[in-house]
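Chemist: Predicted model and sequence below, questions to follow.
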Amino acid sequence: MVSDKILNFTDNSTRFLSNFYPYKKDGGKYPHKVRVFYNNIEFDCVENAYQAAKFTNKQKQIAFSKLSPYETKAYWEDKTDYRADWHQVKLQIMEDLVRQKFCNSKELKEMLLDTGNQILEEGNDWGDTFWGVCNGVGENNLGKILMKIRTELKNFINILL
């Protein structure tokens, strides 16, 4: 029986929902390529583009396009030198990047649609209660964005039929 909820994006079967996809923790990559753009710079995962968007300096943004998502995430630990309007724009930027990820790849789009009507919850043990849920507490904004995009894709398919 299929669960009505995906509780994390870290298992091999759910990793495609993670912003770190297609990168694996062991240094390898999953087979489906990710292409997202921010400020006319191409990134190979959402995490890098999202972290680059915290800067207004294009050279710094370009530098993030050449790193792994683990390197970009580590850079921001305990940093506060992001752009002044970051808290006002970060949700929209994330939504735009995640939408690109799933709309630019037929395979990833199908994988997202294959989640059906399951609740997508970015469960984690690293304390992120803004984008996910930790110990049952959190806003799950990444999960909400994914479910919104999934609904948009379903509605678009229904219009075509």
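Modeler: Everything's here; your move.

Chemist: Pull up the distance across stretch 126-141, start to finish.
Modeler: Criterion Cα to Cα, to the nearest Å; first-to-last residue distance in stretch 126-141 is 16 Å.

Chemist: pLDDT of it, averaged?
Modeler: Here stretch 126-141 scores 96 as its mean pLDDT.

Chemist: Please, where are all the strands along the chain?
Modeler: For the chain, applying DSSP state E gives strands covering 5-8, 36-38, 41-43, 119-123.

Chemist: want to throw the ones you listed into CSV with mean neighbour count, distance to residue 53 and mean pLDDT?
Modeler: In short, each C-beta sits where N, CA and C put it, glycine included. Output for the strands of the chain, formatted as CSV (neighbours: other Cβ atoms under 10 Å; distance: least, Cβ to Cβ, whole Å; pLDDT from 0 to 100):
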stretch, mean neighbour count, distance to residue 53, mean pLDDT
strand 5-8, 16, 25, 96
strand 36-38, 20, 5, 98
strand 41-43, 18, 10, 98
strand 119-123, 21, 19, 97
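
Chemist: State the number of residues packed around residue 48.
Modeler: 30 (other Cβ atoms under 10 Å).

Chemist: longest helix in the protein, by residue count?
Modeler: Across the chain, the longest stretch assigned as helix under DSSP state H is helix 141-160.

Chemist: buried sites along it?
Modeler: Within helix 141-160, the residues that count as buried by 16 or more other Cβ atoms under 10 Å are 141-147, 149-150, 153.

Chemist: what helices or strands is that helix leaning on?
Modeler: helix 86-103, helix 106-113, strand 119-123 (3 or more Cβ pairs under 8 Å, 6 or more residues apart in numbering; DSSP states H and E).

Chemist: and of these, who's closest to residue 62?
Modeler: Closest to residue 62 of these, according to Cβ to Cβ: helix 86-103, at 16.2 Å.
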